[in-house]
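> heads up, no residue letters with this:
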């Protein structure tokens, strides 16, 4: 009996080790990107514990790659926008971006990068600028956006080569023309950069929103929702994207908040009230949320 139990334990241990070795071998190749994608999908659905465990695998096996640090920064970003962040949370966010940037700078110096890397380089500086804008540090945000735009210059016109560029080029084209129309000082700032095109930008974002890559599709739909809601004032189109996000990621309270907001704006009060009720139910049922997150999210509605 004891021998049989020992055999079973050894067998199970071998299975576990084979699984770990399999995951590690994947991380040395395209599996690192796949695991980052899996983490982002978990974050979109507010499954923070699962996302954290996936990032731990990346960090333990690929510390010399920028992607674990960048993915961890995305984790902290979702924490920041779903609670009242203290300085410690922001410092963790910045620290991971610093780690990613140090690795990226060496890659650029050695000229050891491809178009997939360029997309992540753009993302790095965009993430830096996001926090600066939240904190009202506009000068720092412009500095990081300059670095961001420098890499966007390598992406413009290459959207068919690397699909993710439909997102970055779309945002650049739309926001550059919008900014030059809305803010005269911005017009002078961007004179040295390629001219934007709002119509093309929307078209490129809509192309990204039709991608088979779910992370790319989600990011594009989120930005389209924000553009139509806050800049274009086309609340019906914004509602379409908000509805997709809320349906695809039922655990995401930020998406559900925007969906409720747009239902109200579009005079769909009965449905908005139902979503409001669902919103509070999902806060209570989500075991991944901290007490700080629950309190913050409850205060949004």
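Right, received. Where do you want to start? Source: prediction; values computed, not measured. Residues are numbered from 1 along each chain as shown.
> And residue 77, how close does it get to residue 177?
27 Å (C-beta to C-beta, to the nearest Å). From N, CA and C alone the C-beta is placed, and that goes for glycine too.
> right, I mislabeled it, should have said residue 117
27 Å.
> Could you do residue 98 as well?
For residue 98 relative to residue 177 (C-beta to C-beta), the value is 32 Å.
> Between these two, which is the more surrounded one?
Using other C-beta atoms under 10 Å, the more surrounded residue of residue 98 and residue 177 is residue 177, with 18 against 12.
> and the more buried one, what helix or strand is that in?
Element membership for residue 177, per DSSP states H and E: helix 165-182.
> Provide the contact partners of that helix at residue level.
115, 119, 122, 149, 152, 155-159, 186-187, 190, 193-198, 200-205, 207-208, 211, 216, 219-220, 223, 227, 231 (C-beta atoms under 8 Å, 6 or more residues apart in numbering).
> Residue 49: neighbouring residues, count only.
Using other C-beta under 10 Å, residue 49 has 11 neighbouring residues.
> One more: residue 214?
13.
> Not counting sequence-adjacent ones, nearest residue to it?
Once flanking residues are discounted, residue 214 sits nearest to residue 41: 6.4 Å by C-beta to C-beta, 6 or more residues apart in numbering.
> Now do the same for the one you found: its pLDDT.
As predicted, residue 41 sits at a pLDDT of 98.
> I'd like to know how far it sits from residue 161.
Distance from residue 41 to residue 161, by C-beta to C-beta: 25 Å.
> Compare those two and say which is more crowded by neighbours.
residue 41 (18 against 9).
> so after the host helix or strand of that one, what's the next helix or strand?
Assigned by DSSP H and E, residue 41 falls within helix 31-44. Counting by DSSP H and E, the next helix or strand C-terminal to helix 31-44 is helix 48-61.
> For the closest residue to residue 300 other than its chain neighbours, which residues are in contact?
With sequence-adjacent residues excluded and distances taken as C-beta to C-beta, 6+ apart, residue 300 is closest to residue 257, at 5.3 Å. Residue 257 is in contact with 279, 297, 300, 301, counting by C-beta under 8 Å, 6+ apart.
> My guess is residue 289 contacts residue 283. True?
Yes. The criterion here is C-beta atoms under 8 Å, and residue 289 meets it with residue 283 at 6.8 Å.
> Contacts for stretch 259-266, please.
By C-beta under 8 Å, 6+ apart, stretch 259-266 touches 225, 229, 235-236, 238-239, 242-243, 245-246, 269, 271-272, 275-276, 279, 301.
> Please identify the buried residues of the helix holding residue 177?
165-178, 180 (16 or more other C-beta atoms under 10 Å).
> Closest one to residue 45 out of these, please.
residue 167 (20.0 Å; C-beta to C-beta).
> Find the residue ranges of the chain scoring beneath the pLDDT cut-off.
1-29, 185-186, 188-189, 191 (pLDDT under 70).
> Of all residues in it, which one is nearest the centre?
Relative to the mean C-alpha position of the chain, the nearest C-alpha, by C-alpha atoms, centre = their mean, is the one of residue 74, at 5.9 Å.
> so it makes contact with residue 127?
Yes. Taking contacts as C-beta under 8 Å, residue 74 lies within contact range of residue 127: 7.4 Å.
> and for those two, which residues touch both?
By C-beta under 8 Å, 6+ apart, no residue touches both residue 74 and residue 127.
> Could you list the buried residues of stretch 286-301?
286, 289, 293, 294, 296, 297.
> for the helix or strand where residue 79 lies, which positions count as buried?
According to DSSP H and E, residue 79 maps onto helix 66-81. For helix 66-81, a neighbour-count test (16+ other C-beta under 10 Å) marks 66-80 as buried.
> For the helix or strand harbouring residue 246, which outside residues touch it?
Using DSSP H and E, the element containing residue 246 is helix 235-248. The contact list for helix 235-248, computed with C-beta under 8 Å, 6+ apart, reads 44, 209, 218, 221-222, 224-226, 228-229, 232, 252, 255-256, 258-259, 261-263, 265-266, 275.
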